[in-house]
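Engineer: Generate coordinates for the sequence data below:
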Amino acid sequence: MATARVLLAIFCFGLTGSFSLFDRHLLANDSCRQRLVQIAQHEVGVRELTNNNDGKRIAEYLAAVKLKGRYPYCAAFISWVYQQEGFAKPRSGWSPDLVPLSRLTKEPLPANIFGIYYPELGRIAHVGMIEKVHHHWAITIEANTNVAGSREGEGVYRKRRHLKTIYRMADWIGREGGATHD
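Structural biologist: Sure thing, here's the model as predicted:
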């Protein structure tokens, strides 16, 4: 009986339009997240040419943040992914810039950006994108890493990280569910 009441309430909200507006917002947000994750997924397997932050695809990631040469590119990769979906930001090759205080979240949602803190550097020195979450584990897509999860690797990989190893997470999608231009 309680289930029938809940279903009837949902149906009534749908008729008045208030629930459908809420639902469309969630669908747009989810759709945007899915597209960002799909863009990143297509890059898994990209490798450096000579294991020295080089190669055609790596240069494209770096160009997205106006860097020329051989630089670490984990942040540039994430910026490139967001650029492909029409986002103006994030747009930086500096890892800490991708997890600013204004964008912090505790929700490990698909397409959220995560940062790994390195005590020896005193800062976040590696970032990646959350693909999905399973229990206490995040499946991630990261660039400039390797099988071991280094921050100085040779390509784009899918990784599995325990949520407790993630220092910060940022949500750049916002309430609009699409490209942001702030």
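
Engineer: residues contacting A138?
Structural biologist: Counting by Cβ atoms under 8 Å, 6 or more residues apart in numbering, A138 makes contact with P108, F114, I130, E131, K132, R160, R161, H162, L163, I166. (C-beta placed from N, C-alpha, C; glycine too.)

Engineer: if I've got this straight, the second one is in a strand?
Structural biologist: I take that to be F114. Yes. According to DSSP: H, G, I helix; E, B strand; the rest coil, the state of F114 is that of a strand.

Engineer: any idea what sits nearest it, other than its immediate chain neighbours?
Structural biologist: In space, F114 comes closest to I166 once its chain neighbours are excluded; the distance is 4.6 Å by Cβ to Cβ, 6 or more residues apart in numbering.

Engineer: residues contacting that neighbour?
Structural biologist: Listed by Cβ under 8 Å, 6+ apart, the contact set of I166 reads P108, F114, G115, I116, A138.

Engineer: do the same with A40
Structural biologist: Under the criterion of Cβ under 8 Å, 6+ apart, the contact partners of A40 comprise V81, M129, E131, I141, V156.

Engineer: Tell me how many other residues surround the second one.
Structural biologist: Okay, so that is M129. Neighbour count for M129, taken as other Cβ atoms under 10 Å: 24.

Engineer: and it, what are its bridge partners?
Structural biologist: Bridge pairing for M129 (DSSP bridges) gives the partners I113, I141.

Engineer: That one reaches A75, doesn't it?
Structural biologist: No. The pair formed by M129 and A75 falls short of the contact definition of Cβ atoms under 8 Å, at 11.1 Å.

Engineer: ok, which stretches of the protein are strands?
Structural biologist: Secondary structure of the chain by DSSP state E: the strands cover 104-105, 113-118, 123-134, 137-145, 155-162, 168-170.

Engineer: Next, the angle from the fourth one to strand 123-134.
Structural biologist: What it means is strand 137-145. Orientation of strand 137-145 against strand 123-134 (axes from the mean of the first three to the mean of the last three Cα atoms, to 10 degrees) gives an angle of 140 degrees.

Engineer: now the angle from strand 137-145 to strand 113-118?
Structural biologist: Relative orientation of strand 137-145 with respect to strand 113-118: 70 degrees, computed using the same axes, to 10 degrees.

Engineer: repeat for the longest one
Structural biologist: Strand 123-134 and strand 113-118 meet at an angle of 130 degrees, taking the same axes, to 10 degrees as the criterion.

Engineer: Outside of strand 123-134 itself, list whatever touches it.
Structural biologist: By Cβ under 8 Å, 6+ apart, the residues outside strand 123-134 that reach it are 36-37, 40-41, 74-75, 78, 81, 95-96, 98-99, 108-118, 138-145, 151, 158-159, 163, 167-169.
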